[in-house]
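Peer 1: When you get a sec, could you give me coordinates for this:
(one chain, ligands or ions: 1)
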Amino acid sequence: MDLIPAPSPNFNPRTSPPDMILLHYTGMPTGEAALARLRDPGAKVSAHYLVEEDGRVFSLVAEERRAWHAGVSFWKGSTDINGHSIGVEVVNPGHEFGYRPFPGAQIDAVIELVADIRTRWQVPDERILGHSDVAPDRKEDPGELFPWRRLAEAGHGLWAEPAAAPGGALGEGQEGPGVFALQAGLTRLGYDCAPSGVFEPRTTTIVRAFQRHWRPSKVDGVADGETRARLIALLRLAT
Ligand SMILES: [Zn+2]
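Peer 2: Numbers count the residues shown, from 1 in each chain. Predicted coordinates:
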């Protein structure tokens, strides 16, 4: 694919090959400002790629280098997400500066880029994630408007819409085996959600992150039947 070189100095060596793709939004008023920041030696942040709203793709850091995009993060027991992942910044002002739908040309480019990355590295579908999945208490990107379903229909990432959604809602303050099972399921998928059987504020945060990715029409931190059914269906799909 056509890449526009825009090298960033903000990287260090990897110690293992990447097996995850982490998607972000830039969360700044313009794509130009985001690109400048990701290339600024003083900012100490970067990503491997930046995808503009018109579909242009900038290459900032070589895939075999460790770019600095995830920060403090966790997935499936690992906290070195930068070391494991390829980071893709998708231009969008984000929740702070006027969150808006991702244009079709931009998503087409993201899909082409993800497909291209996967020709080089072993990235399982369940390791195509958003920043909010690995840092749920700090991050909301790429957010509930990101078309994860469309990405999955193009062959990248997990998506599940089970027909039946039995069971009542679980929310903050509740406790018992249902809460324990929910936390265990979220942990098995990869979230940092050690089961306690008590639905603490931390669980709300992680349920909200799950919904932002896999139940985007209801991002409220309450695990209703549909949220829980989708989690169970995703666990069946994950290897
Ligand atoms: Zn991010």
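
Peer 1: For Val179, pull up the helix or strand it's in.
Peer 2: Here Val179 sits within helix 177-189, counting by DSSP states H and E.

Peer 1: in this protein, which segments are predicted with low confidence?
Peer 2: Nowhere does the chain drop to pLDDT under 70.

Peer 1: For the spatially most central residue of the chain, grab phi and psi.
Peer 2: Geometric centre of the chain, nearest residue: Gly130, 0.5 Å, by C-alpha atoms, centre = their mean. When read as degrees, to the nearest 10, the backbone of Gly130 gives phi -100, psi 160.

Peer 1: Is it correct that it is in contact with Arg212?
Peer 2: Yes - proximity of Gly130 to Arg212 meets the contact threshold set by C-beta atoms under 8 Å, at 7.1 Å. All C-beta spots, glycine's among them, are computed from the backbone N, C-alpha and C.

Peer 1: Now list whatever residues contact both of those two.
Peer 2: Gly143 (C-beta atoms under 8 Å, 6 or more residues apart in numbering).

Peer 1: Could you check how far the closest residue to Gly167 other than its chain neighbours is from the ion?
Peer 2: Distances taken as C-beta to C-beta, 6 or more residues apart in numbering put Gly225 closest to Gly167, at 4.4 Å, once the chain neighbours are dropped. In this view, Gly225 and the ion are 30 Å apart by C-beta to the ion, to the nearest Å.

Peer 1: So what pairs up with the residue nearest to the centre of the chain in the strands?
Peer 2: Leu23 (DSSP bridges).

Peer 1: Please give me every residue in contact with it.
Peer 2: So Gly130 contacts Leu22, Leu23, His24, Asp141, Pro142, Gly143, Phe146, Trp148, Arg212, His213 (C-beta under 8 Å, 6+ apart).

Peer 1: Please name the residues that touch Val90.
Peer 2: Val90 touches Leu23, His24, Tyr25, Thr26, Leu50, Val51, Phe102, Gln106, Val110, Pro142, Phe146, counting by C-beta under 8 Å, 6+ apart.
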